[in-house]
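Undergrad: Sequence and predicted structure, then a few things I'm wondering about:
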Amino acid sequence: MCYPHHRSPGGPFGRHGFGPGPFGQGRRGPRVPRGRLRTEILKLLAEGPKHGYELMTLITERSGGLWQPSPGSVYPTLQLLEDQGLIVGETDGDRRVYRLTEAGQEEASRLAEQPDEPLRGPMAGRIGPEVAQIMQALRTIALTGTTQQREAAQEALAELRRRLYQILAE
């Protein structure tokens, strides 16, 4: 239940938008089906041992920048997989590297046989990374830019939107 005197902590876009301020932190892309992170981690580890940051980077790259799993989702999933006996984490210098156990290899093989929807969304490929970079630039302007820079960014976005509709109309 929402009461008028309770304001959302997320600024004008609320808790489910971009988060605090017009371009602050928030959800990092499209909703991903439950269990998909577990599946992707197992598939990536079937290719060889990897550390957590490397897994996050590969998932982001393979989704064209549309899915950017956070450390807050990747590391608990790695811990769960370790608890289930599917992976083992070993210290390699200052990093923890994960590899599949025999049971993990069997699970990854089973998952590889099942068709799943691709990680790429409708804007993946060449557009997805560009959109991610634009959003990062907008966040930077919103957080550190001057009033004039924010106004110029707003004008540039309006022009971009008009140009994109022109492309569709052609």
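TA: Arrived safely, thanks for sending.
Undergrad: and the helix or strand hosting residue 44, how far out from the chain's middle?
TA: Assigning secondary structure by DSSP states H and E places residue 44 in helix 36-46. Relative to its chain's centre, helix 36-46 lies at 15 Å (C-alpha atoms, centre = their mean, to the nearest Å).
Undergrad: Other residues contacting the helix or strand that that helix is followed by?
TA: Later in the chain than helix 36-46, the nearest helix or strand by DSSP H and E is strand 50-51. Identification of contacts with strand 50-51 by C-beta atoms under 8 Å, 6 or more residues apart in numbering yields 44, 58, 92, 95, 96, 97, 98. C-beta here means a position set from N, CA and C on the backbone, and glycine is covered the same way.
Undergrad: what packs against the helix or strand just after strand 50-51?
TA: Remark: after strand 50-51, the chain's next helix or strand is helix 52-62, criterion DSSP H and E. Here helix 52-62 touches helix 36-46, helix 71-83, strand 95-100, going by 3 or more C-beta pairs under 8 Å, 6 or more residues apart in numbering; DSSP states H and E.
Undergrad: what's the closest of these to residue 135?
TA: helix 71-83 (18.8 Å; C-beta to C-beta).
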